[in-house]
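Visitor: coordinates for the following, if possible.
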Amino acid sequence: MKTIIRSVLANKRGSSAAEFAMVLPLLLIFIFGLIDAGRFMFACNSAEKATQMGVRYAVATDIVPVGLANSFVGTGGLGQGDSIPQSSFGGASCVSADSGGQAASVTCSCTGTCPSLGTASVTAFNNILTRMQAFFPQLKANQFQVEYAYSGLGYAGDPNGIDVAPIVRVGLRQEAQNRPSFEPITLLVFGASIPLPSFSATLTMEDGQGTVSN
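Guide: Here you go, the predicted structure:
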């Protein structure tokens, strides 16, 4: 009996399998960690590119707050050809509360003093969203915003387009319930995700009309 016990204890034929079983979880975590690092960098690059292409589209096509296309003549005493001051247009921000791939409604709010912003154009907002989704497909309607800020450019009664020429900013929203996130493979079992950085891009408004952008 003692001989059998000594023989079993001295047998090392399964040691390699046991050692491999101990090391395997750490090896898998390391491998999937490397994969996740690459996926995260790709997601960040895609999101950043989406904001750049989104603002490029926004400055060359129809504006979301359609009221900004109205003439500023008579607003705050402005006459034909007068430079538009910040007291007449402080800025506007447009967002959607819809968590799907397209927006059903859009809300534009004024920053400071604004003319009537009118009913926000859902079509213009979704056109920007569609352009961004070509580079960042998982982007949802409630995860980005379009802002129109005062630039000092623009003249009341401009016959060649909208009077005001705002600085347009397209960026990812940062509120916890709206912030885009990345889901690592290594954390799937915990249902955890990593919020993406606050990428944004800014350009000065061009014509603000149409549906075609380069």
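
Visitor: please make it C-alpha for all contacts and neighbour counts, starting now.
Guide: Noted.

Visitor: what ranges do the helices span in the chain?
Guide: For the chain, helices defined by DSSP state H occupy the ranges 2-10, 15-60, 122-133.

Visitor: which one of the ones you listed is the most hemmed in?
Guide: helix 122-133 (a mean of 22; mean count of other Cα atoms under 10 Å).

Visitor: so what's the residue nearest in space to the middle of the chain closest to, chain neighbours aside?
Guide: Residue closest to the average C-alpha location in the chain (Cα atoms, centre = their mean): Leu172, at 3.1 Å. Distances taken as Cα to Cα, 6 or more residues apart in numbering place Phe144 nearest to Leu172, at 4.3 Å, with adjacent residues excluded.

Visitor: contacting residues around that neighbour?
Guide: Applying Cα atoms under 8 Å, 6 or more residues apart in numbering to Phe144 gives the contacts Val95, Val170, Gly171, Leu172, Arg173.

Visitor: same thing but at 10 Å, please
Guide: Applying Cα atoms under 10 Å, 6 or more residues apart in numbering, we find Phe144 in contact with 51, 54, 94-96, 129, 132, 170-174, 178-180, 198-200.

Visitor: and Leu28, by the same measure?
Guide: Leu34, Thr186.

Visitor: any idea how far Gln133 is from it?
Guide: 32 Å (Cα to Cα, to the nearest Å).

Visitor: just Leu68 next, same as before
Guide: Using Cα to Cα, Leu68 is found at 26 Å from Gln133.

Visitor: Glu175 now?
Guide: 20 Å.

Visitor: same check on Ala149?
Guide: The gap separating Ala149 from Gln133 is 24 Å, by Cα to Cα.

Visitor: over to Ala69?
Guide: The value you get for Ala69 to Gln133, if Cα to Cα is used, is 26 Å.

Visitor: repeat for Pro159
Guide: For Pro159, the distance to Gln133 - Cα to Cα - is 34 Å.

Visitor: ditto for Val170
Guide: For Val170 relative to Gln133 (Cα to Cα), the value is 13 Å.

Visitor: same check on Ile31?
Guide: 29 Å.

Visitor: try Val189
Guide: From Val189 over to Gln133 the distance is 28 Å, taken as Cα to Cα.

Visitor: what does Ser193 give?
Guide: Distance from Ser193 to Gln133, by Cα to Cα: 20 Å.

Visitor: correct me, but Thr113 touches Gln86?
Guide: Yes - counting by Cα atoms under 10 Å, Thr113 does reach Gln86; the two are 7.9 Å apart.
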